[in-house]
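Asker: I need the structure of the sequence given here:
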Amino acid sequence: MNNQSYATAGLFTTALRWVVGWTYFSAFWRRLVLENKLNPEEAGYIGEKFNHFLPNALGIRPLIEYLVSHPEALWWAMVVFTIIEGIVGLLLMLGLFTRLMSVGVFLLALGILLGSGWIGTTCLDEWQIGVLGIAAGFVLFLSGGGTYTVDHYLISHNKAITRKKWFQWAGSTAPPFSAPVLHKIVLSGSVAILGLTLFTNQYFHGGVYGTLHNKSVRPLIVISQPKMQGTTFSFALSRVEGADVYGSFLINIQLRDENGMVVFEQQQSDLSQLKKTQISNAYVAKIKPGKYSLIIPLGAKATLSFRDQRFLELSGKYTLELTDISGIQWKKTVKI
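Answerer: Coordinates of the predicted model:
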């Protein structure tokens with residue numbers, strides 16, 4: 001493919017390049033210019049949003065869990081990630097080092113897909129953003145930026161940088177492949193991206209066959225590690241499903257014996273006044289008392305502790321029952 005044909009191919013993707021570039025640059029713009037979303041002490045901190053990805057991430061869950069368990073490392077990761085998004089988006093819109101920036105788009109979109117492809121309250125929001133970003137990055141890598149780019153200006157004016165070997169892979173020069181090789185790259189890359197699309201659509205949502213499911217609709221609390229020690233009863237809970245923009249609101253905790261009798265209870269007013277010493281949070285998304293309930297954000301995990309002299313008298317099998325304000329209940333068997 002000669003440079004003229006390649007420039008024409010890139011010309012056709014101008015709108016795609018501008019829009020994709022803005023979607024990534026706008027993330028930087030929103031977090032640092034319109035609002036400060038990199039301040040861990042303020043509402044809307046991007047680290048808490050990142051924490052929402054944790055429960056059902058694909059392949060990168062250990063990395064996410066490490067970061068949300070180490071707030072300082074998470075902050076640096078969010079800063080670096082935001083700067084990269086800003087650079088990639090801006091240079092892609094300008095058409096400077098277009099091919100290199102398209103690789104950045106591909107990798108950023110892949111991260112979004114694997115981390116949050118399962119999230120989407122009314123439709124498959126994050127999954128669609130991820131797979132379309134991957135496809136767009138691949139197309140822009142092949143097409144380059146075309147006429148309306150800084151790359152084209154540099155090439156047309158025969159600037160020294162365009163004669164560097166690395167510029168052939170970073171800018172918008174014609175790819176050094178014969179037509180048969182280029183056809184194989186396009187076909188194999190397209191098949192691989194389609195395969196990834198179908199796999200993740202099925203994995204996250206059951207969108208290819210079987211029963212559709214959406215893990216962003218109803219909150220799901222997982223109860224673990226119930227422990228009775230003297231006058232202290234503790235257990236861990238984590239929220240692994242539900243809308244990322246809306247918490248689960250716990251209004252009742254009951255411990256029932258085998259006959260169904262309540263031996264310990266925390267009502268709505270009690271949960272709204274829990275002390276900080278009773279809640280040991282594991283991640284940056286924190287479980288905390290609200291005005292009328294205990295608020296449990298998506299991805300949050302904490303150990304709750306309660307003290308009562310009655311615990312000394314308990315033995316046998318009990319049922320721990322948690323109730324959400326929506327009426328949903330979660331249960332766990334406790335053996336003492």
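Asker: Show the pLDDT at the residue nearest to Ile253 when sequence neighbours are not counted.
Answerer: Nearest residue to Ile253 in three dimensions, chain neighbours excluded: Gln266, at 4.2 Å (C-beta to C-beta, 6 or more residues apart in numbering). Quick note: C-beta positions are derived from backbone N, CA and C, even for glycine. On pLDDT, Gln266 comes in at 97.
Asker: how about Gln266, phi and psi?
Answerer: The phi/psi pair for Gln266 (degrees, to the nearest 10) reads phi -120, psi 120.
Asker: Output the contacting helices and strands for the helix or strand that contains Gln254.
Answerer: Per DSSP states H and E, Gln254 falls inside strand 248-256. If you count contacts as 3 or more C-beta pairs under 8 Å, 6 or more residues apart in numbering; DSSP states H and E, strand 248-256 packs onto strand 262-266, helix 268-271, strand 294-296, strand 317-324.
Asker: Looking at the ones you listed, which one is packed in the most?
Answerer: Of those, the one with the most neighbours on average (mean count of other C-beta atoms under 10 Å) is strand 294-296, at a mean of 24.
Asker: Is Val240 in contact with Asn56, as I believe?
Answerer: Yes. Checked against C-beta atoms under 8 Å, the pair Val240 and Asn56 is within contact range at 7.0 Å.
Asker: host element of the spatially closest residue to Pro176 that is not a sequence neighbour?
Answerer: Leaving aside its sequence neighbours, Pro176 sits nearest to Gln168 (C-beta to C-beta, 6+ apart; 6.5 Å). Using DSSP H and E, Gln168 sits in helix 167-170.
Asker: Next: Leu58.
Answerer: Using DSSP H and E, Leu58 falls within no helix or strand.
Asker: okay, now the nearest residue to it once chain neighbours are set aside: neighbour count?
Answerer: By the measure of C-beta to C-beta, 6+ apart, the closest residue to Leu58 outside its immediate chain neighbours is Leu114, 4.8 Å from it. Using other C-beta atoms under 10 Å, Leu114 has 21 neighbouring residues.
Asker: Assign Leu114 to helix, strand or coil.
Answerer: helix (DSSP: H, G, I helix; E, B strand; the rest coil).
Asker: roughly how far apart are it and Phe138?
Answerer: As defined by C-beta to C-beta, to the nearest Å, Leu114 lies at a distance of 16 Å from Phe138.
Asker: Then Gln229?
Answerer: From Gln229 across to Phe138, the span is 56 Å (C-beta to C-beta).
Asker: Could you list every helix and strand that the least confident helix or strand in the chain by mean pLDDT packs against?
Answerer: The least trusted helix or strand in the chain, going by mean pLDDT, DSSP states H and E, turns out to be helix 3-11, with a mean of 78. For helix 3-11, the contact count by 3+ C-beta pairs under 8 Å, 6+ apart identifies helix 125-143 as packing neighbours.
Asker: Model confidence for the nearest residue to Leu312 once chain neighbours are set aside, exactly?
Answerer: Leaving aside its sequence neighbours, Leu312 sits nearest to Thr231 (C-beta to C-beta, 6+ apart; 6.1 Å). For Thr231, the pLDDT comes out at 95.
Asker: re earlier: so the residue nearest to Ile253 makes contact with Leu255?
Answerer: No. If you go by C-beta under 8 Å, Gln266 and Leu255 don't touch, sitting 9.3 Å apart.
Asker: sorry, back to before: tell me the mean pLDDT for the strand holding Gln254?
Answerer: On average, the pLDDT along strand 248-256 is 96.
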